[in-house]
Each structure stands twice: as structure tokens, then as C-alpha cells.
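Q: fold the following for me, if possible:
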Amino acid sequence: MKKTLIVATAVIGLSGSTLFGQPIESEAATTKHISASQAKELALNVVNGKIVDFEYENDKRNPHYEIEIKTTKEKIELKVDALNGYVKITDREPIKNKALHKHGKAKGHSKFISQTKAAEIAKAHMNGQGYVSDIEMENDDHLRFYKITFIHNNVEYEYKIHAKTGKILKIEVED
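A: Numbers count the residues shown, from 1 in each chain. Coordinates of the predicted model:
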């Protein structure tokens, strides 16, 4: 009689953890995440534009996708929760220097190489791989240069190219 009661108590105790909402480790390990394509679709439903950067962050407490979308007027960073698909805009940045002539040269700067030429220099340095996501002409201590953001294999490269000579001044790699 005591043996039957002990066995019944053990069985009820083990099954009770699932009946009464106690999580079981194997259940937590099989939690479903939304797919990368679903995350992209959700983000594009919130912001209409072109995805220029996409990453999955496997954070144990908050797994999520980080997505950057470029529109005609701004770059927008979003976070998509991998568990429930909630989309949150985390940053907005206006796109600068859209005042161009037909030939790709910045207005009032005809003595400089064109933005198109600067982009070609960066692309040639990357052996034709990847794409330019942003170009801006900047002035630092009376030195004019193009700041070019270039994406290749989901890695962002930032080029600084001399606006007169076309010489590559600096390359930074962001992970």
C-alpha cells in the first residue's frame, strides 16, 4: 500500500510540473523564433524602403533581429523581437547631401571629383564586391572628402576619399 502511494505521488509530482505551468528545460530549448524572412517582412511593413543591414542577435533573454532600412529621406534602424515579432524603431537618421547636379557632382563643388567617381574608387578597392549605402561630402579642418559607407558580406566599411584627388585617406571596418 505504501509502495503504491509513493509511486503515485512521484508520477503526479513529475506530471504536475507540466500541468501547473512549471517550465521544463527541453520545452524552453525548443522555443520557436520567427524566421529571418518573417522579420524582414515585418520590418518592411513598418518602414517602406530597402534593407541595407540585417543581423540576428542570439541574446538568451531577448533574441532579436537588428535591421537597417534606407528610404529616400532617411536611414532607420529597427529591432524585431525573434519570439513575438514586435517591431520597434530604435534610430532615425536623415540622409544628407542630396543636392546634386545631373552628373553626380555636388552643387558648388565643380573642382572636386563626383560622388559617382568616389563610389567607383571605393568599389574598385573592394574588387567590385558589395554596394554603396551612403555617400556624404564632409569638411574636416579645410580638407574636403567623401565619406562613403560600403557594405560587403554584411560588413560595413567606411571610406574617406579625398574630394580633389580621389586618394583613399582612411578605411574603417565596423562589425
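Q: only C-alpha atoms for contact and neighbour calcs from this point on.
A: Will do.
Q: okay, now the unreliable bits of this protein?
A: Scanning the chain for pLDDT under 70 picks out the ranges 1-31, 97-110, 175.
Q: mind redoing it with 50?
A: 4-29, 98-103, 105-106, 109 (pLDDT under 50).
Q: please enumerate the strands of it.
A: 50-57, 64-70, 74-81, 87-94, 131-140, 143-152, 155-162, 168-174 (DSSP state E).
Q: buried stuff in the last one?
A: To tie it back to what came earlier, the one meant is strand 168-174. Residues Ile168 are the ones in strand 168-174 that count as buried (16 or more other C-alpha atoms under 10 Å).
Q: same deal with the first one?
A: By neighbour count, with 16+ other C-alpha under 10 Å as the criterion, the buried positions of strand 50-57 are 51-54, 56.
Q: tell me the contacts of the nearest residue to Lys117 once chain neighbours are set aside?
A: Leaving aside its sequence neighbours, Lys117 sits nearest to Gly166 (C-alpha to C-alpha, 6 or more residues apart in numbering; 8.0 Å). By C-alpha atoms under 8 Å, 6 or more residues apart in numbering, the contact set of Gly166 is 113, 117-118, 121.
Q: and these, which are buried?
A: Among these, the ones that count as buried by 16+ other C-alpha under 10 Å are 113, 118, 121.
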